[in-house]
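>>> one predicted model, sequence on top.
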Amino acid sequence: MSFTSFDTNTEPLFDGSVHEYLIFGRETCPNTGRKHLQGFVWFKERRRLPFLKKWISNAHFEGAKGTAEQNQKYCSKDGDYEEFGRLPVVQRGGNAFKNVLTAAESGNIADIKENYPGLFIRYKTNILSSVKFRVEELSESCGVWICGPPRCEKDSRIVNSHHAFLQNIITLYII
């Protein structure tokens with residue numbers, strides 16, 4: 001979360017139980033010459049705007065653009081800054097999706113459930129549809145396919161055959 005505060009007398013306070021990281025730099029606007037604080041904060045948990053306004057009442061808050069490293073560099077560019085906590089390292093999910101797709105194609109769904117449960121829950125249908133089944137040629141025929149246009153008595157010929165076994169009304173099996 002990035003912020004701008006024109007109240008340079010009241011600096012943001014770092015609380016290790018709430019904040020993971022905080023940096024703010026003292027800047028001067030090149031157009032107006034107005035002094036302000038430009039900062040970036042990373043909270044340990046998600047926070048809503050009312051909480052932020054209690055922390056720094058007169059600041060303007062926005063979702064940060066760029067990475068934590070880019071925000072750190074921007075806030076410290078003039079050299080007059082204060083930094084607290086540990087800069088968070090965020091791993092992007094590009095490899096996670098690649099790993100999930102590879103595991104899905106090989107049919108290793110249990111591995112996906114164990115290592116990427118969030119992705120599995122969110123994309124279960126897509127993951128399961130990505131499973132590639134082995135379709136090697138069969139050495140022997142394992143069934144008889146009866147093809148023909150609609151209403152040419154395919155079903156009735158099978159039912160009347162003495163080799164037919166009817167499992168249910170819709171599905172017919174030949175013994």
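Happy to help now that I have it.

>>> which of the helices or strands spans the residue nearest to Arg157 when sequence neighbours are not counted?
Of all residues not flanking Arg157 in the chain, Ile146 sits nearest, at 7.9 Å (Cβ to Cβ, 6 or more residues apart in numbering). C-beta: built from backbone N, CA, C; applies to glycine. Following DSSP states H and E, one finds Ile146 outside all helices and strands.

>>> what pLDDT does Ile146 get?
Looking at Ile146, its pLDDT reads 78.

>>> do you know how far it is from Glu153?
Ile146 sits at a distance of 10 Å from Glu153 (criterion: Cβ to Cβ, to the nearest Å).

>>> repeat that for Asn99.
With Cβ to Cβ as the criterion, Asn99 and Glu153 are 52 Å apart.

>>> so these two - more neighbours on which side?
Neighbour count, other Cβ atoms under 10 Å: between Asn99 and Glu153, Asn99 has more, with 16 against 10.

>>> I'd like the distance between that one and Glu114.
12 Å.

>>> same question for Lys154.
Lys154 is 46 Å from Glu114, by Cβ to Cβ.

>>> and if you look at Cys29?
On the measure of Cβ to Cβ, Cys29 and Glu114 end up 52 Å apart.

>>> list the buried residues in the host helix or strand of His36.
In the assignment (DSSP H and E), His36 maps to strand 35-43. The neighbour-count check on strand 35-43 (16 or more other Cβ atoms under 10 Å) flags His36, Leu37, Gln38, Gly39, Phe40, Val41, Trp42, Phe43 as buried.

>>> fine by me, thanks again.
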